[in-house]
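In: Predicted model and sequence below, questions to follow.
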Amino acid sequence: MHARRRLPLAGLVVGALVAACAGVATSASPGPASPTSIIPTKNPLALPTWAVTKIAVAYDISGRGDGGFNDLAYNGAKRAAEELRAEIKEVTARLDDTDDDRAERLRLLAGAGYEAIIGVGFTYAGAMQAVAAEYPDVRFAIVDDGTVSAPNVEGILFAEHEGSFLVGAAAGLTTMTGVVGFIGAVQIPLIQKFEAGYTAGVKHANVGATVQVTYLSQPPDYSGFGDPPHGREAALGMYDNGVDVIFAAAGGSGAGVHEAAAQTGHWSIGVDADEYLLAPETVKGHILTSMLKNANVGTYQFVMSVARGSFAAGNQMFGLANGGVGYAISGGFIDDIATKLDAYAADIVAGRIVVPEAP
(Lines give C-alpha, C1' and ligand atoms only; values in the text may rest on other atoms or scores of the structure.)
Protein backbone atom coordinates (compact mmCIF):
# COMPACT_ATOMS: atom_id res chain seq x y z
CA MET A 1 0.00 0.00 0.00
CA HIS A 2 1.50 3.30 -1.01
CA ALA A 3 0.60 6.85 -0.09
CA ARG A 4 -1.67 8.69 -2.46
CA ARG A 5 -3.93 11.69 -2.23
CA ARG A 6 -6.92 12.57 -4.34
CA LEU A 7 -8.46 15.89 -5.16
CA PRO A 8 -11.72 14.56 -6.57
CA LEU A 9 -12.14 16.93 -9.49
CA ALA A 10 -14.19 15.79 -12.41
CA GLY A 11 -12.62 15.30 -15.82
CA LEU A 12 -13.10 18.03 -18.40
CA VAL A 13 -15.24 20.24 -16.16
CA VAL A 14 -12.52 20.49 -13.60
CA GLY A 15 -9.81 20.77 -16.20
CA ALA A 16 -11.51 23.85 -17.56
CA LEU A 17 -11.86 25.35 -14.11
CA VAL A 18 -8.23 24.77 -13.28
CA ALA A 19 -7.10 26.11 -16.61
CA ALA A 20 -9.16 29.25 -16.08
CA CYS A 21 -7.63 29.82 -12.66
CA ALA A 22 -4.06 28.79 -13.36
CA GLY A 23 -3.49 29.19 -17.07
CA VAL A 24 -2.05 25.72 -17.57
CA ALA A 25 -2.63 23.01 -20.12
CA THR A 26 -4.93 20.24 -18.97
CA SER A 27 -5.78 16.73 -20.06
CA ALA A 28 -9.20 15.19 -20.48
CA SER A 29 -8.08 12.17 -18.48
CA PRO A 30 -9.33 12.26 -14.87
CA GLY A 31 -7.18 10.82 -12.12
CA PRO A 32 -5.69 11.40 -8.69
CA ALA A 33 -3.62 14.53 -8.21
CA SER A 34 -1.52 15.83 -5.36
CA PRO A 35 -2.71 19.03 -3.63
CA THR A 36 0.08 21.02 -5.29
CA SER A 37 -0.06 19.50 -8.74
CA ILE A 38 -2.71 21.92 -9.94
CA ILE A 39 -0.41 24.88 -9.18
CA PRO A 40 1.85 25.71 -12.12
CA THR A 41 5.57 25.99 -11.55
CA LYS A 42 6.72 29.40 -12.70
CA ASN A 43 10.15 30.48 -13.86
CA PRO A 44 11.41 32.98 -11.24
CA LEU A 45 13.26 34.87 -13.99
CA ALA A 46 9.93 35.63 -15.65
CA LEU A 47 8.70 37.56 -12.63
CA PRO A 48 8.99 41.36 -12.45
CA THR A 49 11.92 42.89 -10.60
CA TRP A 50 9.55 44.30 -7.99
CA ALA A 51 8.39 40.83 -6.94
CA VAL A 52 8.06 39.96 -3.24
CA THR A 53 11.38 39.49 -1.45
CA LYS A 54 10.27 38.88 2.15
CA ILE A 55 7.42 36.58 3.23
CA ALA A 56 6.27 35.86 6.80
CA VAL A 57 4.02 33.19 8.30
CA ALA A 58 2.57 33.76 11.79
CA TYR A 59 1.17 30.63 13.44
CA ASP A 60 -1.17 30.23 16.35
CA ILE A 61 -0.02 28.27 19.42
CA SER A 62 0.48 24.85 17.79
CA GLY A 63 3.02 26.14 15.27
CA ARG A 64 4.61 24.09 12.53
CA GLY A 65 5.93 20.55 12.73
CA ASP A 66 2.87 18.35 13.24
CA GLY A 67 2.50 17.46 9.58
CA GLY A 68 -0.95 19.01 9.55
CA PHE A 69 -2.68 22.28 8.69
CA ASN A 70 0.10 24.64 9.78
CA ASP A 71 2.63 22.67 7.77
CA LEU A 72 0.41 22.85 4.71
CA ALA A 73 0.08 26.63 5.07
CA TYR A 74 3.86 26.89 5.36
CA ASN A 75 4.43 24.61 2.36
CA GLY A 76 2.46 26.91 0.09
CA ALA A 77 4.35 29.98 1.30
CA LYS A 78 7.66 28.14 1.02
CA ARG A 79 6.97 27.09 -2.54
CA ALA A 80 6.23 30.70 -3.45
CA ALA A 81 9.41 31.82 -1.67
CA GLU A 82 11.49 29.34 -3.65
CA GLU A 83 10.00 30.45 -6.96
CA LEU A 84 10.46 34.12 -6.05
CA ARG A 85 13.88 33.57 -4.45
CA ALA A 86 12.47 35.32 -1.41
CA GLU A 87 13.24 35.13 2.31
CA ILE A 88 10.64 33.39 4.48
CA LYS A 89 10.25 33.92 8.23
CA GLU A 90 8.10 32.00 10.73
CA VAL A 91 6.80 33.13 14.11
CA THR A 92 4.57 31.27 16.58
CA ALA A 93 2.17 32.49 19.24
CA ARG A 94 2.43 31.60 22.91
CA LEU A 95 -0.29 29.84 24.88
CA ASP A 96 -1.14 32.98 26.85
CA ASP A 97 -1.09 35.42 23.92
CA THR A 98 -3.66 38.19 23.74
CA ASP A 99 -4.85 40.14 20.70
CA ASP A 100 -2.32 42.81 21.63
CA ASP A 101 0.48 40.22 21.55
CA ARG A 102 -0.59 39.00 18.13
CA ALA A 103 -0.88 42.55 16.85
CA GLU A 104 2.63 43.37 18.04
CA ARG A 105 3.95 40.24 16.30
CA LEU A 106 2.36 41.32 13.00
CA ARG A 107 3.50 44.91 13.54
CA LEU A 108 7.12 43.84 13.97
CA LEU A 109 6.98 41.82 10.75
CA ALA A 110 5.42 44.65 8.75
CA GLY A 111 7.92 47.13 10.18
CA ALA A 112 10.79 44.85 9.21
CA GLY A 113 9.85 44.99 5.54
CA TYR A 114 7.90 41.78 5.02
CA GLU A 115 5.67 42.49 2.03
CA ALA A 116 3.39 39.41 2.27
CA ILE A 117 2.33 38.33 5.77
CA ILE A 118 0.13 35.30 6.49
CA GLY A 119 -1.69 34.75 9.79
CA VAL A 120 -2.72 31.14 10.26
CA GLY A 121 -5.95 30.82 12.21
CA PHE A 122 -8.98 32.91 13.11
CA THR A 123 -7.35 34.14 16.34
CA TYR A 124 -5.36 36.64 14.25
CA ALA A 125 -8.51 38.42 13.04
CA GLY A 126 -8.61 41.26 15.56
CA ALA A 127 -4.87 41.83 15.41
CA MET A 128 -4.77 41.86 11.62
CA GLN A 129 -7.68 44.29 11.37
CA ALA A 130 -5.72 46.77 13.47
CA VAL A 131 -2.25 46.29 11.97
CA ALA A 132 -3.39 46.25 8.33
CA ALA A 133 -4.65 49.81 8.76
CA GLU A 134 -1.23 50.89 10.06
CA TYR A 135 0.65 49.37 7.11
CA PRO A 136 -1.47 49.96 3.99
CA ASP A 137 1.38 49.03 1.63
CA VAL A 138 1.81 45.56 3.15
CA ARG A 139 -0.40 42.71 1.94
CA PHE A 140 -1.84 40.41 4.59
CA ALA A 141 -3.74 37.12 4.44
CA ILE A 142 -5.56 35.29 7.20
CA VAL A 143 -6.25 31.57 6.92
CA ASP A 144 -9.62 30.30 8.13
CA ASP A 145 -11.22 33.67 8.78
CA GLY A 146 -13.37 35.89 6.62
CA THR A 147 -14.17 38.72 9.04
CA VAL A 148 -11.22 41.06 8.42
CA SER A 149 -12.27 43.87 6.09
CA ALA A 150 -9.45 46.00 4.71
CA PRO A 151 -8.14 46.92 1.23
CA ASN A 152 -4.87 45.06 1.88
CA VAL A 153 -6.19 41.83 3.50
CA GLU A 154 -7.25 38.55 1.89
CA GLY A 155 -9.27 35.97 3.78
CA ILE A 156 -8.26 32.45 2.75
CA LEU A 157 -11.33 30.30 3.27
CA PHE A 158 -12.14 26.69 2.50
CA ALA A 159 -15.28 24.81 1.56
CA GLU A 160 -14.83 22.35 4.41
CA HIS A 161 -18.40 21.19 3.97
CA GLU A 162 -17.64 19.96 0.42
CA GLY A 163 -14.68 17.82 1.44
CA SER A 164 -16.57 16.60 4.50
CA PHE A 165 -19.44 15.51 2.28
CA LEU A 166 -17.10 13.15 0.45
CA VAL A 167 -15.67 11.52 3.59
CA GLY A 168 -19.23 11.34 4.92
CA ALA A 169 -20.21 9.47 1.79
CA ALA A 170 -17.22 7.17 2.36
CA ALA A 171 -18.44 6.51 5.89
CA GLY A 172 -21.99 5.85 4.67
CA LEU A 173 -20.76 3.39 2.07
CA THR A 174 -18.41 1.63 4.51
CA THR A 175 -20.45 1.31 7.71
CA MET A 176 -21.67 -2.16 8.61
CA THR A 177 -23.87 -1.07 11.53
CA GLY A 178 -25.60 1.85 9.83
CA VAL A 179 -24.41 4.14 12.63
CA VAL A 180 -21.48 6.53 12.19
CA GLY A 181 -20.08 9.33 14.34
CA PHE A 182 -18.75 12.87 14.21
CA ILE A 183 -16.46 14.29 16.90
CA GLY A 184 -15.80 18.02 16.67
CA ALA A 185 -13.16 19.91 18.63
CA VAL A 186 -15.23 22.95 19.65
CA GLN A 187 -18.81 23.79 18.74
CA ILE A 188 -18.12 26.86 16.61
CA PRO A 189 -19.43 27.66 13.10
CA LEU A 190 -16.16 26.60 11.45
CA ILE A 191 -16.32 23.07 12.87
CA GLN A 192 -20.06 22.88 12.33
CA LYS A 193 -19.36 23.23 8.60
CA PHE A 194 -17.50 19.91 8.81
CA GLU A 195 -20.42 18.36 10.68
CA ALA A 196 -23.01 19.61 8.19
CA GLY A 197 -21.11 18.36 5.15
CA TYR A 198 -20.28 15.03 6.74
CA THR A 199 -23.87 14.33 7.78
CA ALA A 200 -25.15 15.29 4.34
CA GLY A 201 -22.62 12.96 2.68
CA VAL A 202 -23.53 10.05 4.95
CA LYS A 203 -27.23 10.48 4.22
CA HIS A 204 -26.71 10.92 0.48
CA ALA A 205 -24.77 7.67 0.19
CA ASN A 206 -26.76 5.71 2.76
CA VAL A 207 -30.26 7.03 3.37
CA GLY A 208 -30.90 4.75 6.33
CA ALA A 209 -27.71 5.58 8.24
CA THR A 210 -27.69 7.68 11.41
CA VAL A 211 -25.00 10.06 12.68
CA GLN A 212 -24.05 10.53 16.32
CA VAL A 213 -22.48 13.94 17.06
CA THR A 214 -20.45 15.22 19.98
CA TYR A 215 -18.16 18.19 20.66
CA LEU A 216 -15.21 18.04 23.03
CA SER A 217 -15.60 21.59 24.37
CA GLN A 218 -17.73 24.69 24.08
CA PRO A 219 -16.43 28.22 23.43
CA PRO A 220 -14.71 30.08 24.98
CA ASP A 221 -13.03 26.81 25.99
CA TYR A 222 -10.91 25.75 23.00
CA SER A 223 -9.22 22.81 24.71
CA GLY A 224 -11.06 20.44 22.39
CA PHE A 225 -8.46 21.13 19.72
CA GLY A 226 -5.61 19.65 21.75
CA ASP A 227 -6.89 16.95 24.10
CA PRO A 228 -6.21 13.46 22.69
CA PRO A 229 -7.32 11.64 25.88
CA HIS A 230 -10.71 13.38 25.69
CA GLY A 231 -10.96 12.50 22.00
CA ARG A 232 -10.18 8.86 22.78
CA GLU A 233 -12.77 8.73 25.58
CA ALA A 234 -15.47 10.27 23.38
CA ALA A 235 -14.69 7.85 20.55
CA LEU A 236 -14.75 4.79 22.81
CA GLY A 237 -18.20 5.86 24.01
CA MET A 238 -19.45 6.11 20.44
CA TYR A 239 -17.97 2.76 19.44
CA ASP A 240 -19.69 1.21 22.47
CA ASN A 241 -22.96 2.69 21.16
CA GLY A 242 -22.75 0.88 17.84
CA VAL A 243 -20.80 3.42 15.78
CA ASP A 244 -18.23 1.84 13.49
CA VAL A 245 -16.84 4.90 11.64
CA ILE A 246 -15.97 8.28 13.25
CA PHE A 247 -14.91 11.50 11.53
CA ALA A 248 -12.71 13.50 13.89
CA ALA A 249 -12.69 17.20 13.03
CA ALA A 250 -10.85 17.84 16.24
CA GLY A 251 -7.31 19.01 15.59
CA GLY A 252 -4.78 17.29 17.83
CA SER A 253 -7.57 15.51 19.71
CA GLY A 254 -8.10 13.38 16.63
CA ALA A 255 -5.07 11.31 17.58
CA GLY A 256 -7.10 9.94 20.48
CA VAL A 257 -9.96 9.05 18.15
CA HIS A 258 -7.59 7.13 15.88
CA GLU A 259 -6.21 5.27 18.90
CA ALA A 260 -9.73 4.30 19.95
CA ALA A 261 -10.47 3.03 16.44
CA ALA A 262 -7.39 0.85 16.52
CA GLN A 263 -8.19 -0.40 20.02
CA THR A 264 -11.74 -1.43 19.10
CA GLY A 265 -11.10 -2.59 15.53
CA HIS A 266 -13.22 0.13 13.91
CA TRP A 267 -12.62 2.97 11.46
CA SER A 268 -11.74 6.62 11.98
CA ILE A 269 -11.43 9.49 9.49
CA GLY A 270 -8.75 12.18 9.69
CA VAL A 271 -8.91 15.86 8.87
CA ASP A 272 -6.90 18.64 7.16
CA ALA A 273 -3.86 16.52 6.19
CA ASP A 274 -3.54 12.89 5.11
CA GLU A 275 -3.41 11.45 8.62
CA TYR A 276 -2.62 7.95 7.38
CA LEU A 277 0.84 9.27 6.51
CA LEU A 278 1.33 10.79 9.97
CA ALA A 279 -0.03 8.05 12.23
CA PRO A 280 2.01 5.31 13.95
CA GLU A 281 1.96 1.87 12.35
CA THR A 282 -0.33 0.54 15.08
CA VAL A 283 -3.01 3.07 14.15
CA LYS A 284 -2.81 3.86 10.43
CA GLY A 285 -4.52 0.62 9.41
CA HIS A 286 -7.74 2.00 10.92
CA ILE A 287 -7.77 5.43 9.26
CA LEU A 288 -10.27 4.96 6.47
CA THR A 289 -9.54 8.28 4.76
CA SER A 290 -8.94 11.95 5.61
CA MET A 291 -10.68 15.15 4.55
CA LEU A 292 -7.93 17.21 2.93
CA LYS A 293 -7.91 20.94 3.54
CA ASN A 294 -5.17 22.18 1.27
CA ALA A 295 -3.98 25.37 2.91
CA ASN A 296 -0.89 25.25 0.70
CA VAL A 297 -3.04 26.07 -2.33
CA GLY A 298 -4.38 29.23 -0.67
CA THR A 299 -1.11 30.53 0.75
CA TYR A 300 0.78 29.91 -2.48
CA GLN A 301 -1.79 31.74 -4.55
CA PHE A 302 -1.87 34.67 -2.10
CA VAL A 303 1.89 35.25 -2.19
CA MET A 304 2.08 34.89 -5.96
CA SER A 305 -0.79 37.35 -6.44
CA VAL A 306 1.13 39.91 -4.42
CA ALA A 307 4.28 39.28 -6.45
CA ARG A 308 2.45 39.58 -9.78
CA GLY A 309 0.53 42.68 -8.83
CA SER A 310 -2.81 40.88 -9.05
CA PHE A 311 -3.64 40.87 -5.32
CA ALA A 312 -7.36 41.35 -4.63
CA ALA A 313 -8.65 42.13 -1.16
CA GLY A 314 -11.58 40.17 0.24
CA ASN A 315 -12.32 36.53 0.81
CA GLN A 316 -11.06 33.84 -1.53
CA MET A 317 -12.81 30.47 -1.32
CA PHE A 318 -10.98 27.22 -2.01
CA GLY A 319 -13.15 24.18 -2.58
CA LEU A 320 -13.46 21.15 -4.82
CA ALA A 321 -13.45 23.20 -8.02
CA ASN A 322 -10.02 24.76 -7.43
CA GLY A 323 -8.20 22.11 -5.40
CA GLY A 324 -8.83 23.59 -1.96
CA VAL A 325 -10.34 20.44 -0.45
CA GLY A 326 -10.36 16.76 -1.27
CA TYR A 327 -10.02 13.33 0.28
CA ALA A 328 -7.13 10.95 0.86
CA ILE A 329 -6.84 7.44 -0.55
CA SER A 330 -3.64 6.39 1.21
CA GLY A 331 -3.84 2.82 2.43
CA GLY A 332 -6.19 1.79 -0.35
CA PHE A 333 -9.14 1.30 2.02
CA ILE A 334 -11.63 3.16 -0.17
CA ASP A 335 -10.30 2.24 -3.60
CA ASP A 336 -13.49 0.32 -4.35
CA ILE A 337 -15.70 3.37 -3.77
CA ALA A 338 -13.42 6.11 -5.13
CA THR A 339 -15.32 6.21 -8.44
CA LYS A 340 -18.56 6.94 -6.58
CA LEU A 341 -16.89 9.63 -4.48
CA ASP A 342 -15.45 11.27 -7.58
CA ALA A 343 -18.91 11.26 -9.15
CA TYR A 344 -20.29 13.01 -6.06
CA ALA A 345 -17.47 15.54 -6.32
CA ALA A 346 -18.33 16.22 -9.95
CA ASP A 347 -21.97 16.73 -9.00
CA ILE A 348 -20.97 19.22 -6.29
CA VAL A 349 -18.76 21.18 -8.69
CA ALA A 350 -21.56 21.21 -11.28
CA GLY A 351 -24.15 22.33 -8.73
CA ARG A 352 -26.20 19.17 -8.96
CA ILE A 353 -25.50 18.50 -5.27
CA VAL A 354 -25.72 21.48 -2.91
CA VAL A 355 -23.93 20.79 0.36
CA PRO A 356 -25.24 22.55 3.50
CA GLU A 357 -22.81 24.71 5.49
CA ALA A 358 -24.60 24.45 8.84
CA PRO A 359 -26.33 21.62 10.68
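Out: That came through fine.
In: And the contacts of whichever strand or helix holds Ala77?
Out: Counting by DSSP states H and E, the element that carries Ala77 is helix 69-84. Helix 69-84 is contacted from outside by 35-36, 39, 41-42, 44, 47, 51-53, 55, 57, 59-60, 62-65, 86-88, 90, 118, 120, 143, 272-273, 293-301, 303-304, 307, using Cβ atoms under 8 Å, 6 or more residues apart in numbering. All C-beta atoms are positioned from the backbone trio N, CA, C, and that covers glycine.
In: what about 7 Å?
Out: 36, 42, 44, 47, 51-52, 55, 57, 59, 62-64, 88, 90, 118, 120, 143, 272-273, 293-300, 303-304, 307 (Cβ atoms under 7 Å, 6 or more residues apart in numbering).
In: who does the following helix or strand past it pair up with?
Out: Downstream of helix 69-84, the first helix or strand assigned by DSSP H and E is strand 87-92. In the sheet, strand 87-92 lines up against strand 54-59 (parallel) (DSSP bridges).
In: now the angle from the strand it pairs with to helix 69-84?
Out: Counting by axes from the mean of the first three to the mean of the last three Cα atoms, to 10 degrees, strand 54-59 lies at 180 degrees to helix 69-84.
In: Poorly predicted segments of the stretch 1-150 of the chain, please.
Out: For the stretch 1-150 of the chain, residues meeting the criterion pLDDT under 70 lie at 1-50.
In: Please, where are all the helices along it?
Out: Remark: helices assigned in the stretch 1-150 of the chain by DSSP state H, counting those that start in this stretch are 11-22, 69-84, 99-111, 125-134.
In: One more: the stretch 151-300 of the chain?
Out: Under DSSP H, counting those that start in this stretch, the stretch 151-300 of the chain gives helices at 160-174, 189-205, 228-240, 254-264, 281-284, 295-308.
In: so which of the ones you listed is the most packed in?
Out: Most buried of these by mean neighbour count (mean count of other Cβ atoms under 10 Å) is helix 160-174; its value is a mean of 28.
In: Count the residues that sit near the closest residue to Gly178 other than its chain neighbours.
Out: Computed as Cβ to Cβ, 6 or more residues apart in numbering, the closest residue to Gly178 that is not its neighbour in sequence is Ala209, at 5.0 Å. Look at Ala209: counted by other Cβ atoms under 10 Å, it has 20 neighbours.
In: doesn't Thr175 make contact with Ala209?
Out: Yes. With contacts counted by Cβ atoms under 7 Å, Ala209 reaches Thr175, the gap being 6.0 Å.
In: export the helices of the stretch 151-300 of the chain to CSV and tack on distance to Gly111 and mean pLDDT?
Out: As requested, these are exported to CSV (distance: least, Cβ to Cβ, whole Å; pLDDT from 0 to 100):
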stretch, distance to Gly111, mean pLDDT
helix 160-174, 34, 98
helix 189-205, 31, 97
helix 228-240, 38, 98
helix 254-264, 37, 97
helix 281-284, 45, 97
helix 295-308, 18, 96
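In: So for Ile334, which of the ones you listed sits nearest?
Out: helix 160-174 (5.3 Å; Cβ to Cβ).
In: gap between Val297 and Ile88?
Out: Per Cβ to Cβ, to the nearest Å, Val297 is found 17 Å from Ile88.
In: Then Ala133?
Out: Taking Cβ to Cβ, one finds Ala133 at 25 Å from Ile88.
In: Name the residue in those two with the higher neighbour count.
Out: Ile88 (19 against 12).
In: Now that one: closest residue in space that isn't a chain neighbour?
Out: Closest to Ile88 by Cβ to Cβ, 6+ apart is Ala81, at 4.2 Å.
In: One more: Met304?
Out: Once flanking residues are discounted, Met304 sits nearest to Ala80: 5.5 Å by Cβ to Cβ, 6+ apart.
In: And the one you found, how close does it get to Ala56?
Out: As for Ala80, its distance to Ala56 is 12 Å (criterion: Cβ to Cβ).
In: Which parts of the stretch 251-359 of the chain are strands?
Out: Assigned by DSSP state E, counting those that start in this stretch, the strands in the stretch 251-359 of the chain fall at 267-272, 287-293, 314-318, 325-328.
In: now the ones you listed in TSV, with mean neighbour count, mean pLDDT and distance to Gly184?
Out: Output for these, formatted as TSV (neighbours: other Cβ atoms under 10 Å; pLDDT from 0 to 100; distance: least, Cβ to Cβ, whole Å):
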stretch	mean neighbour count	mean pLDDT	distance to Gly184
strand 267-272	29	97	10
strand 287-293	28	97	13
strand 314-318	16	97	21
strand 325-328	29	98	17
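In: okay, those in TSV with distance to Pro189 next?
Out: Shown next, in TSV, are the strands of the stretch 251-359 of the chain (distance: least, Cβ to Cβ, whole Å):
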stretch	distance to Pro189
strand 267-272	16
strand 287-293	16
strand 314-318	14
strand 325-328	17
